[in-house]
Every structure is written in C-alpha cells, then in structure tokens.
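In: no letters, just coordinates:
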Ligand SMILES: [Zn+2]
C-alpha cells in the first residue's frame, strides 16, 4: 500500500521532544512583540521577513548557532499571557495533525526577565495545555529543562521546581542547551534530587557530542530516555545496552540535519537503529526553528528509509510506550492507538484497492506485536472500564 502524506497526517502520533520556545507561530511572535512593545532584531514586518531574520529551517554550522533563534523567541515569552498562548497554540497545532500525546519542554529560568516566578510560569503553560486538551482532547505533560550553558546551581533550582510540580502538570526533567564543554555529570546535584524523588528523566545527549555523553546520561545521571542519541552508533557496546534495556531514543530527524548532528538524511542512523531493534520515537524538536511537523518527520522517514506499514506501526506505538504517562494508563492508551492505527490501515486498503502488507515477514512482525504482552494486545474488559475516562485523566488535568 502506498503510504501517502494524508495517511501520515491522519494516523495517531506522539511528540515527546518538542521545545515550547522553539515552536511558536511566526505570526504570534510578531503580534506579541507589537503588544509588548518589543523591538525584534531586523524589525520584521511579516511572517516571511521574520523567518528570514530568525533563519527558520536554515542549516547551521553547529548546535550553538542553531540555538541563536531562541534569543528572539524568548524576547516575547516573558509574560503569563504569552506563555499561555504559546502552550495553547502548540497544543492546537499538534492536535490538528493528530498528535494525541505531547510532552512539551522548556526552561522556566529563561522566562524570568520581567520578574515572573517559577510557579507562575509553570501554571501559565499548564493552563494553555489544559485548554488545548479541553478543546482538542490532546493529552500532554510538561518537561522542565535544566540548562547546560548556565551555572549548574540554576539547574538545581529547576530540579526543585520539577519535584514540586511532579504529578501537577510536570512529567519529567531534562538537561538541554549546548552540549559541547557541558557534560551532564557537572549537574549531579540536580540529577540526584530528581532521582531521589522518583521523577522521570530524559537528557539531550549524543547530539553535538560523542557517545560518552550518552553513557554519562544513562549511568551517571540515571536517564530513562535519551534526547537524540544520534552518535550512539559510535559505541557498539553502549548501543547494545540501550537496546537490551529498551531505553528509548527521541529522534528528531530534520533538526539533526539542520544542526549537522547528521550530515544528511541518507547518513542518519535511524534506519540502522530501527533494523537493530532500538526503541526509537520520532519527534519535531522545534516546530518553528526547524520548520517541521510530526507529519513532515514521518514523511522524511518513509521517503528516505522506505518504511513499510509494519515499521510505521512500530514507530507510532513506540512513541506511546516511551511516554512518561503512568504505566497503567499507557498500556490502555497504547492498545487503543494500535486498534485505531489498524482500522485506518484497513480504510486505506479499501480506498486504494491495495493490500497494506504484501511481505509475509512484515505480517509476522505485526502479528508478534499484536500477541505480545506489551500494551498492543486486545483490550480486556478491565481495560475497557479504565478506558472510559482515559481522556479525562491527563497529567495536566491532575493539576
Ligand atoms: Zn531538543
């Protein structure tokens, strides 16, 4: 069966790695700047001029260069209203392309220039995501980011904030920012606090730095997922450990090409990881700065790596399985998504008059996904009961 863009748009998806400050609408930035009397660099008059000034979707010499666009977006993200709007609109954009679960990350420390306090910032984002859920049913949670190029003490404050808001809209902690010269082990106090309080942890690693940063993230900091992990393939032993322990990678294809973490789509390690059995998820990283969507990311993967329906199903379900939702809820949601995906495939088979699966190996792979006790098996009566209020118990609504 031909995998069309429309199919990729319609299939249920997750986005586990998306930065709030890198995912605004250009029109919103211009409007916020006008409302707040903020003069943007280059004084852009419309979305097109803004995209040129901020080098949206452009190729960068390094991750550090790529991060410069955030200096602009952060200029207008210093009020409660702006944070609420950015979170709500991000939820809206995601829901409109059938993202069903999203984990939005940002560092509250970067939103305090006009005196906002940490709790006010987290509440404003939570409110935006809650409203997106009320309107579109999008489940979501926040990930609080420690920042690499700012002194480690600040990241400890952010870890404390994360603990305070655990189960109140916040689902995890991350360490983001320029990887080079800022190894995760320097932030040990923050990670100790996170671990001692049983908080979910993901760390940007193996993007702008070698596999040793992934090793540290897992073994020194105790990370449960890896942001990017592009350079994991350079260390075969660690690759096997990540595979054996089912540690998910948050792969962001277009962003990796843009920051030169990978030279090209052709040389990106994703197809190798998939064939090796690594648990990979696809993510946007930054909808605005990278100029991408989840549908785009899947389209690139299908086009460059010739993914079949079985590969797609696995990738989609890996997103739900790797989320920081509580396990009991996650199994119910994943099972439901698997059924929805299968129904969509049947619909397209009829519409296109083509069989989705022609290769018996793919059929076998899907059959094994269906029968394994990993959240994709058919729903039991007990799960059906739990499912009734499934869309009313998201992490953000518990706040
Ligand atoms: Zn990122």
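Out: Yes, it's here. Since this is a predicted model, take the numbers as computed values, not measurements.

In: low-scoring stretches of the protein, by residue?
Out: Counting by pLDDT under 70, the chain shows low-confidence ranges at 178-182, 369-399.

In: residues in contact with residue 162?
Out: By Cβ atoms under 8 Å, 6 or more residues apart in numbering, the contact list for residue 162 reads 144, 170, 172-173, 194, 199. (Glycine included, C-beta is placed from N, CA and C.)

In: before we move on, what about residue 293?
Out: 93, 97, 284, 287.

In: swap in residue 288?
Out: Contact analysis of residue 288 by Cβ under 8 Å, 6+ apart lists 22-26, 56, 69, 73.

In: that one and residue 54: what is the separation?
Out: Look at residue 288 and residue 54: by Cβ to Cβ, to the nearest Å, they are 8 Å apart.

In: overlap of the contact sets of the two?
Out: By Cβ under 8 Å, 6+ apart, residue 288 and residue 54 have these common neighbours: 69, 73.

In: helices of the stretch 201-350 of the chain, start to end?
Out: Under the criterion DSSP state H, counting those that start in this stretch, helices of the stretch 201-350 of the chain are mapped to 211-219, 236-244, 253-258, 270-276, 294-305, 309-321, 327-352.

In: how far off centre is the second one?
Out: A distance of 22 Å separates the C-alpha centroid of helix 236-244 from that of its chain, computed with Cα atoms, centre = their mean, to the nearest Å.

In: and what of the third one?
Out: When distances are taken as Cα atoms, centre = their mean, helix 253-258 is centred 14 Å away from the chain's centroid.

In: which residues touch it?
Out: With Cβ under 8 Å, 6+ apart, helix 253-258 has contacts from 57-60, 66, 207, 228, 230, 261-265, 268, 270, 282, 284-286, 290-292, 296-297, 300-301.

In: hmm, back to that, go through the contacts of residue 293 and say which is closest to residue 188.
Out: Nearest to residue 188 among the contacts of residue 293, counting by Cβ to Cβ, is residue 284 at 30.0 Å.

In: dump the residue contacts of that closest one.
Out: 15, 17-18, 23, 252, 254-255, 290, 292-294, 296-297.

In: any idea how far stretch 308-322 is from the middle of the chain?
Out: Using Cα atoms, centre = their mean, the offset of stretch 308-322 from its chain centre is 15 Å.

In: try stretch 57-68
Out: 19 Å.

In: again, but for stretch 293-308
Out: With Cα atoms, centre = their mean as the basis, stretch 293-308 stands 16 Å off its chain's centre.

In: pull out the buried positions in it.
Out: 293-302, 305, 307-308 (16 or more other Cβ atoms under 10 Å).

In: kindly report the same for stretch 111-123.
Out: If you call a residue buried by 16+ other Cβ under 10 Å, then stretch 111-123 has these buried ones: 111, 116, 118, 121-123.

In: could you do stretch 30-50 as well?
Out: Within stretch 30-50, the residues that count as buried by 16+ other Cβ under 10 Å are 30, 32-33, 36, 40, 44, 50.

In: return the closest of those with respect to residue 11.
Out: Nearest to residue 11 among these is residue 50, at 31.2 Å by Cβ to Cβ.

In: with adjacent residues omitted, what lies nearest to the closest one?
Out: Among residues not flanking residue 50 along the chain, residue 44 sits closest, at 4.0 Å (Cβ to Cβ, 6 or more residues apart in numbering).

In: need the contact list for the one you found.
Out: Taking Cβ under 8 Å, 6+ apart as the contact definition, residue 44 lies against 30, 50, 52-53.

In: check residue 300 too.
Out: Contact analysis of residue 300 by Cβ under 8 Å, 6+ apart lists 253-254, 265.

In: give me the buried entries from the residues you listed.
Out: Counted by 16+ other Cβ under 10 Å, these give 253-254, 265 as buried.

In: any idea which of the residues you listed is closest to residue 347?
Out: residue 253 (26.9 Å).

In: re earlier: tell me the one of the buried residues of stretch 111-123 nearest residue 158?
Out: Using Cβ to Cβ, the buried residues of stretch 111-123 come closest to residue 158 at residue 118, 7.8 Å.

In: so that closest one sits against residue 161, correct?
Out: Yes - counting by Cβ atoms under 8 Å, residue 118 does reach residue 161; the two are 4.8 Å apart.

In: hey, what's in contact with both of these two?
Out: Going by Cβ under 8 Å, 6+ apart, residues that sit against residue 118 and also against residue 161 are residue 108.

In: all strands for the stretch 51-200 of the chain, in order.
Out: 99-106, 139-147, 170-176 (DSSP state E, counting those that start in this stretch).

In: packing partners of the longest one?
Out: In terms of contacts (3 or more Cβ pairs under 8 Å, 6 or more residues apart in numbering; DSSP states H and E), strand 139-147 is packed against strand 99-106, helix 118-136, helix 152-164, strand 170-176.

In: can you check which of those gets nearest to residue 241?
Out: For the helices and strands packed on strand 139-147, the distance to residue 241 is smallest for strand 170-176, at 19.9 Å, taking Cβ to Cβ.

In: give me the residues contacting the closest one.
Out: Contacts for strand 170-176 (Cβ under 8 Å, 6+ apart): 19, 103, 105, 107, 122, 141-148, 155, 158-159, 162, 184, 187, 190, 194, 199-204, 217, 221, 224, 227, 324-325, 395.

In: any idea which element residue 6 lies in?
Out: helix 5-10 (DSSP states H and E).

In: name the residues of that helix that are buried.
Out: 7-10.

In: beyond that helix, next helix or strand please.
Out: Toward the C-terminal end, the helix or strand that comes next after helix 5-10 (DSSP H and E) is strand 13-19.

In: now residue 304: how far from residue 260?
Out: Residue 304 is 17 Å from residue 260, by Cβ to Cβ.

In: what about the residue located most distally from the centre of the chain, distance to residue 7?
Out: Counting by Cα atoms, centre = their mean, the extreme residue of the chain relative to its mean C-alpha position is residue 353, 34.5 Å from that point. Applying Cβ to Cβ, the value for residue 353 to residue 7 is 15 Å.

In: can you check residue 33 too?
Out: Residue 33 sits 38 Å away from residue 7, going by Cβ to Cβ.

In: and for residue 91?
Out: According to Cβ to Cβ, residue 91 and residue 7 sit 23 Å apart.
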